[in-house]
Structure formats: structure tokens, C-alpha cells
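> Return a 3D structure for these sequence lines:
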Amino acid sequence: MATYKKSVQTCSKIPDWLSSAIIYEVYPQSFHDSNADGIGDLPGIIQKLDYIKSLGCNTIWLNPCFESPFCDAGYDISDFYKVAPRYGTERDLCELFRQAKERNMRVVLDLVAGHTSTEHPWFKASCQREPNKYSNWYIWTSNVWETAPAPLQQVNGFCERDGNYVTNFFHFQPALNYGFANPDPKRPWQLPVDHPDVLAVQEEMFKIMTFWLDKGADGFRVDMASTLIKLDTDNSATIGFWQGIRERLGKTYPEAVLIAEWSAPRAAIEAGFHVDFLIHFGSRAYTPLFRAHTTNDIAAPSGPSFFHRDGAGDIMEFLDEYLFHYRATKGRGYISLPTGNHDISRIRGSRSDEELKIVYAFLFTMPGLPCIYQGDEIGMRNIDGLPSKEGGYCRTGARTPMQWNSKPNAGFSTADMHDLYLPIDPAADRSTVEAQEKDKDSLLNFVRTMVKMRSTHPALASDADFEVLYAGKNKYPFVYMRISDRGERLVVAVNPSSDCVTAEIPAEKLPRLGEQLLGSPVSARSTRSYFELSLPGYSYAIFRVPVSQARSNAESVFEEVSA
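As a prediction, the model looks like this:
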């Protein structure tokens, strides 16, 4: 069994640029269409680089843009070395890299490392009855009558080969063979992680990474990063694999970044990833914040959301898990709390712009790397009830085209509306970039304000310390402090409920507040034993703490949450 022994601290150092990164996720097929075919493309992204930069975002996460039959919106790749023609050419992708760098921006590609499409030539060769180079590049049982053990999924009787293949998700996504953590000797098809054919798959994936890094990519967000090695119950073999990738990349590409879809930062950062998204995938922390009220999500609802006007949520459902991962990874990598992504319903939900501002005040003042899913900065709605498109199913409503202006098709494309990748939000009051640019109080301009505040206040930096001042089960508000190593301290209080609420913070934690930098009018008073902060419904506030109240960072990071 492969085990991990080295700490991530022995791997290459974190790239300096990453500490100030603010990520913008671009879903290419619905971002901007430059050639009037109804599908977004790479030249369309290039045309909007200045817009992305205007948000303060300096890192683009680009969803898969490689050749694919698009049964799962590009997460079923048929050639890792070719750009899908509907998006443009390799030259277009390299031009995106070049123009982004001219603007001091980075582009991170989506790497679907765990599987391919059934249309990939490797898989077609693997399907052949006669053994060949690719026979073991995928996971096949010994014969069609053999069942793979749970939780593995399989497809039976697909081809002339006498065996069933293991699939990662949909039936057309056969799993690449990275081996088994504990191969069953009674099942000879379960290859160990050091089998020559398994090592050949690993080497090919590293070759793909270096191919695009040499072309100008700045790193990779890795799809389903924790699932590569099978039946790895404690993830130790998978962690060891990624540590090896990080070490190799660090020697030749020290500025390249690895971002995980793992949703377990303690494991992902140990594995060598620089960043992990703490989101719905495998984690209970994210959903109770924003989407527990939602019923059409792949993240199962569990009860009221904390960021909901009814005030029935529980911040501790998020905070207990978040602090576990934060304390384990601080100084070694970053947690990212995104506004959303292409796999879950829009964060807008039933929220007003004012309610969304409270959400964003929270997201942009937390530690780690912020990430905006395209359109969330203008509060785009989830379009429920759409028929599935390219395997989207319940996710389809979060993937509708970006709304740029008041022109036909909201400025996304000049194609006939019936030829669009997905329909535009049909509502007359749909939000657009054009309209919000003109409104100083718009959600778009609020996002810009928050990003600017984050970049100009050291206490809001990704690396700055984090101390909870007030939180408790089913309690509102949530109050915390961010602490810079230069001495700046900011207090953030959020009350997403409709009720006026009060926090009593022990005087030793917060004797008094200084200037209010942003937010709603609040009332505050101090006593000998505690500081009282009262917030009206639907409010947030950000305060500076007088320098005289500074305490050592060592005191702040591991304090218990106030009940």
C-alpha cells in the first residue's frame, strides 16, 4: 500500500503571486460568443479580459476547453492536447494566456485527470479483445460476469473485450487506471499503484500538464482530485500521488498552481495542492451557509441556511468544520469559499441585492482565496426548469449565458436566439453588466468595492489571521476579526436575518471599536466586562480596531468560539 510520509512543507514553496489571487471562474460556452454561432469561445473571453480585470480579479479558472463529444459539458475529454473547435484553436488559447499576462493576470485550466470520454482513442484501444498498450490504462474486470466491489461503478458488456469497465460518474466517463491502494489478490485486474501500466498513465497525465504549462498556462484546477486511486479508504495513496506531482512541478514550474476539487482542505493541502475549494463536493461546511434551503441542488439540503432572512440557520454547521481545516492548513495553503460554480444553483436564490451584499461582505473578508463564478457579481438568477443540456440536469439553470447588456441575447451572442447554447434569462428585469456599471450602488460595484478593500487592507489579505469573536449554535450575528502581521485589525459583523440582533463580546477580546469602514449603521457600547454590538436586520459592518488594542497573533488563531 502506498502511504504519504512527507509534509507538504517539504514540497515546493507556494508561488508568491497566489497570496493576492482573486479567482474568476469562466464557463466558456456561456461567457461570450465572438463568432455568432451561439456558443461562447476563447476569442470571446479575450474580448472580456478587461472586464474581468476591472472586478479586481487576477486569476481565471477556465472550465474544460479540450476536444470532447460534450456529453458532460467538456468533462468528458477525447483529446487532452487539442482545443475543442467550438471554442477556437490552440493559437486562441495561447493568445488568451499571452493577453492575460499582459494584464498581470493568470489562467488556470481545468484538468479532468480521473477519466476520459469513451470516444478517446486510448479507451477505444483499451476496448479491443487483443492486449495492447492501452489495455490497462482503464479499469476492467476480468470478465463480463464479474462485479466490481462497492463503491465502484461499472458498465457491463460494452464491447468485444470480455470485461466490464469502471466509470467515475456517467457511463461515458471510464476511469483512468491510477491503481488500487490495497489490491485484492483474488482480483488480478486491481493493479497496484506501482504497476508499469499505472505508472504509464501517471506519466501521461504529467506530460499533459507540462504541455499546457509550456504553452503559457499558470496551473490547473483538478476535477475530482481525491478519487484517482481506487479503494483508497484513508486517501493516503492518493495524497502520496499528488505529493509526487507537486514535487515534480515545483522543480521545473515553481510558479504553477494546483487547485483541488477535494472539499477537504486538510487532506488536499497535505497532498500538495496550493488551494482547495471548501464547497458542496464531499463537505458539509458550505451548504448550510447559503444553499440548505435549495431543493434543486446536487448538494442535499439539510435545514435552514445561515445566510437567509428567516434567521433560522446555524453558523456552527459551517464554522466547526471550517476551523478544523483552517487550523490544519494555515501557512501551508489556502481554502477558497466561492460564490458558487457551474455545478450548483446560483447563490442569488430568492435573495435581494442587499442580501447578496451581506453574503459578499462575508466571502470577501474571510481568509483564503475568493472566487467569483461568472455572473454572480451581477446577481444572475438560476433559471429553474430548463431541460438538461450536455449532462447538466439540475445544474443546467446555473449555466445560462452571461448577461452583458440590453441588446438581443443580453449581448452574449448575435446568433438567433434559438441557436444559443442555453436560453437567456427571459425576465424583463434581468441584471446586466451594462446597467449595473451605471449604478454606483449596484451589486457589481459593491463587489468591486469589496475587492478593492481586500487589496488595500493587510488585515483582509489571504494570509492574515482569523479570530472568531461571536458565534454560537443558532445565534446571530456572526462576528470575527482579521489580523495582519503588520498590526492592522478589522472586525467584521454580518447579520443576514431580518431581525435586529446583538452580540456580547468579552472585553478581553474586544474592548472597543474604531472607525467604521463600510456597512450599515450599527449601535455599539462597552461595559467593564463585554462589548455590545447591535445590528439591524439585513446588515453588515466592517470596523477598524484601534492599534492600542493589538495583541499577539499567537493569541488569536486558536481561541475557542464564543458561545
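> And stretch 471-490, how far out from the chain middle?
When C-alpha coordinates are averaged (CA atoms, centre = their mean, to the nearest Å), stretch 471-490 and its chain have centres 23 Å apart.
> So for the longest helix seen in the chain, what gets flagged as buried?
In the chain, taking DSSP state H as the definition, the longest helix is helix 196-215. Applying a neighbour-count criterion of 16 or more other CB atoms under 10 Å, the buried positions in helix 196-215 are Val198, Val201, Gln202, Met205, Ile208, Met209, Trp212, Leu213. Bear in mind the C-beta positions are built from the backbone N, C-alpha and C, glycine included.
> Next: stretch 406-418.
In terms of neighbour count (16+ other CB under 10 Å), stretch 406-418 has its buried residues at Asn409, Ala410, Gly411, Phe412, Ser413, Ala415.
> ok, now stretch 470-487?
By neighbour count on 16+ other CB under 10 Å, the buried set for stretch 470-487 is 470-472, 475-484.
> Kindly state the domain boundaries assigned to this protein.
Under the assignment named as automatic domain parsing, the residue ranges that make up the domains of the chain are 8-113+197-455, 115-177, 464-556.
> Run the chain-centre distance for the longest one.
Its chain's C-alpha centre lies 5 Å from the corresponding centre of domain 8-113+197-455 when counted by CA atoms, centre = their mean.
> now the shortest one
Once both centres are worked out by CA atoms, centre = their mean, domain 115-177 turns out to sit 29 Å from its chain's centre.
> Ok, the last one next?
Using CA atoms, centre = their mean, we find the averaged C-alpha position of domain 464-556 to lie 28 Å away from the chain's own average C-alpha position.
> which one of the domains of the chain has the most crowded surroundings?
domain 8-113+197-455 (a mean of 20; mean count of other CB atoms under 10 Å).
> just to revisit the earlier point, and of the buried residues of stretch 406-418, the nearest to Pro426?
When those are compared for distance to Pro426 (CB to CB), Ala410 wins out at 10.3 Å.
> So which of the domains of the chain is nearest Pro183?
Comparing the domains of the chain by their distance to Pro183 (CB to CB), the top pick is domain 8-113+197-455, with 8.5 Å.
> just checking, what packs against the helix or strand just after the longest helix of the chain?
Counting by DSSP states H and E, the element after helix 196-215 in chain order, helix or strand, is strand 219-222. Under the contact criterion of 3 or more CB pairs under 8 Å, 6 or more residues apart in numbering; DSSP states H and E, strand 219-222 touches strand 106-111, helix 196-215, strand 257-260.
> All the helices of the stretch 351-500 of the chain, residue numbers only.
Remark: helices of the stretch 351-500 of the chain, listed N- to C-terminal, are 353-363, 433-437, 443-456; assignment by DSSP state H, counting those that start in this stretch.
> TSV for those, including distance to Pro426 and mean pLDDT?
Shown next, in TSV, are the helices of the stretch 351-500 of the chain (distance: least, CB to CB, whole Å; pLDDT from 0 to 100):
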stretch	distance to Pro426	mean pLDDT
helix 353-363	20	98
helix 433-437	17	98
helix 443-456	20	97
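> of all those, which lies closest to Thr167?
Distances from Thr167 to each of the helices of the stretch 351-500 of the chain were compared by CB to CB, and the smallest falls on helix 353-363, at 34.6 Å.
> Compute the inter-axis angle for that closest one and helix 443-456.
20 degrees (axes from the mean of the first three to the mean of the last three CA atoms, to 10 degrees).
> Touching, Val257 and Val275? I think so.
Yes: using CB atoms under 8 Å as the test, Val257 is close enough to Val275 to be in contact (6.9 Å).
> Give the residues shared as contacts by the two.
Taking CB atoms under 8 Å, 6 or more residues apart in numbering as the contact rule, Val257 and Val275 both touch Leu18.
> Which ones among the buried residues of stretch 406-418 map onto strands?
Counted as lying in strands by DSSP state E, out of the buried residues of stretch 406-418, is not a single one.
> Out of those residues, flag the one nearest to Glu434.
Checking the buried residues of stretch 406-418 against Glu434 by CB to CB gives Gly411 as the nearest, at 7.3 Å.
> Quick check: closest non-adjacent residue to the closest one.
Nearest residue to Gly411, sequence neighbours excluded (CB to CB, 6 or more residues apart in numbering): Trp404, at 3.3 Å.
> and the end-to-end length of stretch 386-400?
10 Å (CA to CA, to the nearest Å).
> which residues touch that stretch?
For stretch 386-400, the surrounding residues in contact (CB under 8 Å, 6+ apart) are 27, 29-30, 70-76, 170, 296-298, 340, 342-346, 373, 380, 382-385, 421-425.
> can you do 6 Å?
Outside of stretch 386-400, the residues that reach it under the criterion CB atoms under 6 Å, 6 or more residues apart in numbering are 27, 30, 70-73, 296, 342-343, 345-346, 382-384, 422.
> what helix or strand is the residue lying closest to Ser523 once chain neighbours are set aside on?
The shortest distance from Ser523 to any residue other than its chain neighbours is 4.6 Å, reached at Ser534 (CB to CB, 6+ apart). When secondary structure is defined using DSSP H and E, the element that contains Ser534 is strand 530-535.
> And for that strand, what's in contact with it?
Everything outside strand 530-535 that qualifies as a contact, by CB under 6 Å, 6+ apart, is 477, 493, 495, 501-507, 510, 522-525.
> Partner strands of the next helix-or-strand element following it, with direction?
Remark: after strand 530-535, the chain's next helix or strand is strand 539-544, criterion DSSP H and E. Strands adjacent to strand 539-544 in the sheet, as given by DSSP bridges, are strand 489-495 (antiparallel), strand 516-519 (antiparallel).
> picking up where we left off before, looking at the buried residues of helix 196-215, which is nearest Glu160?
Val201 (22.3 Å).
> Surely the closest one touches Leu176?
Yes: Val201 is in contact with Leu176 according to CB atoms under 6 Å; the separation is 5.4 Å.
> which residues of the stretch 151-300 of the chain fall in helices?
Read by DSSP H, counting those that start in this stretch, the stretch 151-300 of the chain holds these helices, from start to end of the chain: 196-215, 236-252, 265-270, 287-290.
> and the longest one, how far from the chain's centre?
Spelled out, that is helix 196-215. In this view, helix 196-215 has its centroid 23 Å away from the chain centroid, taken as CA atoms, centre = their mean.
> got the end-to-end distance for stretch 486-506?
Between the opening and closing residues of stretch 486-506 there is a gap of 24 Å (CA to CA).
> and what of stretch 360-374?
Start to finish, the residues bounding stretch 360-374 are 14 Å apart (CA to CA).
> can you check stretch 388-403 too?
The separation between the terminal residues of stretch 388-403, taken as CA to CA, is 20 Å.
> Next: stretch 518-530.
Counting by CA to CA, the length from the leading to the trailing residue of stretch 518-530 is 23 Å.
> Check whether the residue nearest to Gly411 really touches Val433, as I assumed.
Yes: counting by CB under 6 Å, Trp404 touches Val433, with 5.2 Å between them.
> now Cys65, nearest residue through space, not along the chain?
That would be Tyr87: by CB to CB, 6+ apart, it lies 4.9 Å from Cys65.
> typed the wrong thing, it's Thr414
Nearest residue to Thr414 in three dimensions, chain neighbours excluded: Ala36, at 4.6 Å (CB to CB, 6+ apart).
> quick one: pLDDT of the one you found?
Confidence per residue is given as pLDDT, and for Ala36 that number is 98.
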